[in-house]
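**Student:** Mind folding the following:
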Amino acid sequence: MHPNHHVSGVTVILEAVAAGEPVVATATGGLEEYSGAGSIWYVPAHDPSAMREQLAFLAREPGVTTEQIRRAQKDVTARAFANQHVMLTRSLINRPTERIAEPLPHSCT
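**Tutor:** Predicted structure coming up:
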């Protein structure tokens, strides 16, 4: 995935965690706010070799992978996602806004 700030991929992460699957995601920005490195492995965006290396590590270390899945299931929940959304929304609502010099035109329709 490409770096972004609209949390692309969070639904897939929630579904994978709920299914008990390990998650390796690209560090695109935003996802890390929902789940830390202790729950999900992040690799740099646009780095396929880092992704291959991380997946190979998980295949070699099933005990580490199982522990990661357990942490993720405690850490990454729909409630955590909703709480983050509430916090971000409140911060946007409370942010001072610039006043518009002229009122916006009204629609004629």
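**Student:** any chance you could map the strands in the protein?
**Tutor:** Per DSSP state E, the chain carries strands over the ranges 24-27, 41-44.
**Student:** Remind me what the last one packs against, helices and strands.
**Tutor:** What that stands for is strand 41-44. If contacts are counted by 3 or more C-beta pairs under 8 Å, 6 or more residues apart in numbering; DSSP states H and E, strand 41-44 sits against strand 24-27, helix 48-60. Just so you know, the C-beta spots here come from the backbone N, C-alpha and C atoms, and that holds for glycine as well.
**Student:** ok, and what's touching it?
**Tutor:** 22-27, 31-32, 50-51, 54, 58, 68 (C-beta atoms under 8 Å, 6 or more residues apart in numbering).
**Student:** Pull out the buried residues from stretch 42-51.
**Tutor:** Across stretch 42-51, burial judged by 16 or more other C-beta atoms under 10 Å covers Tyr42, Val43, Ala45, Ala50, Met51.
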